[in-house]
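In: how would this look folded up:
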Amino acid sequence: MNRLGQISRLSGGILMLASVSIALAGCGGGGIDLAGGGTGGTGISTGSVTGFGSVVVNGVHFLTDDDVAPGFVTKKTFMGMDNSTWMDRDLFRVGMVVTVRHAQIDNNAQEIEYRDNLKGRISAKNSGADNTFAVLGQTVVVDNAALFDSLLPNDVAEVSGYVDAAGRIRATYIAMVPCSMMPMCPVSEFEVAGYISGLSSPDASFRLGPLPDGTGTTVTVSYAPAMGAGLDNGMYVQVVTTDPEPVSGGITATRIDRLVPRTVFPENAAADLEGLVTASPSGSGNVLSFAVEGKRIQTDGDTQFAGGTAADIQPNVRLQVQGTENGGVLSAARIVFR
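Out: Next up is the predicted model:
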């Protein structure tokens, strides 16, 4: 697998942003080939941006704005804000994991949504078999050694990527705001998204981690009792905090926003999900049940495989799963090994 990295440090503004893009080129198999201009049911594609013209995700050129039809506007949601007037290249970056909503049988992008996994101060770096750093109690894996060496402790990092079987975030995109370049340091607010586990209403606390079953890397979140209404185990939320790093293993929430995870699809939707295998397969032959980012995947005798076989489905293997949502399970029609 080819991994490309690029660093640029920009100056001259109040906010000086350094972008680090990690583009993971696919190997083995190909993406779906959708024809533009169709209409029909719901289609959702989730994966990292690999190029533009208009926006390329999971091997598909999704058409946006006037490329669909004169006057057509693609809704572009960036961190919960509507930025539909922006050009694709100005808003999105290679490596960002996005969700594209389109009709079931075409590649006309009705909406493209991006949310990061987390944003916070780098509090620790560890090199070894995996190069990792910590942000708000979460572990981030950087596959490119040169990029890893360029990251500095106390930089504020925005991270987008895929969750692995250990509950770590394997970064496909990193944007840094070095603390030394900020007019005020530390940055006032940080954020981390994940699933609630171990919710304790009497203690006004829960554990937050990237996997829905609560396994892997988690951090304790304390909150004001008024924020706790409606919270439940398994719920996907974004926690905003002023803590630059965990204190005694925990952070204190200043806001808790309930979100829909990118692995949740409408019933009967045609879904195209890219990610890492996070639960070992059970079953035999080509009839298997396993998970990608905690999302349950089911194959059957009719499932097609490209770039590998059913036996190659193992933890942390990167897959693209194309199928139909059925009662919370993605029934796989085709699996592409990346």
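In: following the helix ranked longest in the chain, which helix or strand shows up next?
Out: For the chain, the helix with the greatest residue count under DSSP state H is helix 145-150. Downstream of helix 145-150, the next assigned helix or strand under DSSP states H and E is strand 156-163.
In: What pairs with the helix or strand just after that following strand, parallel or antiparallel?
Out: Toward the C-terminus, strand 156-163 is succeeded by strand 169-177 as the next helix or strand (DSSP H and E). Note on strand 169-177: by DSSP bridges, its sheet partners are strand 18-24 (antiparallel), strand 138-141 (parallel), strand 156-163 (antiparallel).
In: Alpha carbons of the second one, as PDB, please.
Out: This means strand 138-141. What follows is strand 138-141 as a C-alpha-only set of coordinates in PDB (Å, rounded to 0.1, in the frame of the first residue of the first chain):
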ATOM      1  CA  GLN A 138      -7.300   8.700  22.400                       C
ATOM      2  CA  THR A 139      -4.500   7.000  20.600                       C
ATOM      3  CA  VAL A 140      -3.700   8.000  17.000                       C
ATOM      4  CA  VAL A 141      -1.600   5.800  14.700                       C
END
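In: Okay, domains of the protein per the record?
Out: Per automatic domain parsing, the domain ranges recorded for the chain read 42-114, 190-258, 270-337.
In: before we move on, the earlier item: so what secondary structure elements neighbour the longest helix of the chain?
Out: strand 3-9, strand 18-24 (3 or more Cβ pairs under 8 Å, 6 or more residues apart in numbering; DSSP states H and E). All C-beta spots, glycine's among them, are computed from the backbone N, C-alpha and C.
In: where along the protein do the helices fall?
Out: Taking DSSP H as the criterion, the chain carries its helices at 88-91, 145-150.
In: for those helices, which one sits closest to Y162?
Out: helix 145-150 (16.2 Å; Cβ to Cβ).
In: Export the domains of the chain to TSV and append columns for mean neighbour count, mean pLDDT and distance to S150.
Out: As requested, these are exported to TSV (neighbours: other Cβ atoms under 10 Å; pLDDT from 0 to 100; distance: least, Cβ to Cβ, whole Å):
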stretch	mean neighbour count	mean pLDDT	distance to S150
domain 42-114	19	95	15
domain 190-258	18	96	20
domain 270-337	18	97	24
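In: Could you save these as CSV and add columns showing distance to S123?
Out: Listed next are the domains of the chain as CSV, based on distance: least, Cβ to Cβ, whole Å:
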stretch, distance to S123
domain 42-114, 22
domain 190-258, 4
domain 270-337, 24
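In: and of those domains, who's closest to S127?
Out: Nearest of these (Cβ to Cβ): domain 190-258, 17.7 Å.
In: Please compute how far the closest one lies from its chain's middle.
Out: A distance of 18 Å separates the centroid of the chain from that of domain 190-258, by Cα atoms, centre = their mean, to the nearest Å.
In: so how far is the first residue of stretch 99-115 from its last?
Out: 9 Å (Cα to Cα, to the nearest Å).
In: just use 32 as the starting number from now, easier for me
Out: Yep, numbering from 32; the last one is stretch 130-146 now.
In: Now do the contacts for S158.
Out: Counting by Cβ atoms under 8 Å, 6 or more residues apart in numbering, S158 makes contact with F179.
In: Excluding chain neighbours, give the residue nearest to Q335 in space.
Out: Distances taken as Cβ to Cβ, 6 or more residues apart in numbering put R365 closest to Q335, at 4.5 Å, once the chain neighbours are dropped.
In: Indicate which one of the helices of the chain is closest to L262.
Out: helix 119-122 (31.5 Å).
In: Which elements pack onto the closest one?
Out: strand 106-109.
In: Need the residues that contact the strand it packs on.
Out: 95, 113-115, 117, 119, 122-123, 141-145.
In: could the residues you listed go into TSV alongside distance to V295?
Out: Putting the contacts of strand 106-109 into TSV (distance: Cβ to Cβ, whole Å) gives the following:
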residue	distance to V295
T95	23
D113	21
N114	23
S115	23
W117	26
D119	25
L122	24
F123	22
Q141	18
E142	15
I143	17
E144	13
Y145	16
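In: So which of those residues belong to strands?
Out: With DSSP state E as the criterion, strands contain 113, 141-145 from among those.
In: Between which two of the residues you listed is the distance greatest?
Out: Longest span within the ones in strands among the contacts of strand 106-109, Cβ to Cβ: Q141 and Y145, 15.0 Å.
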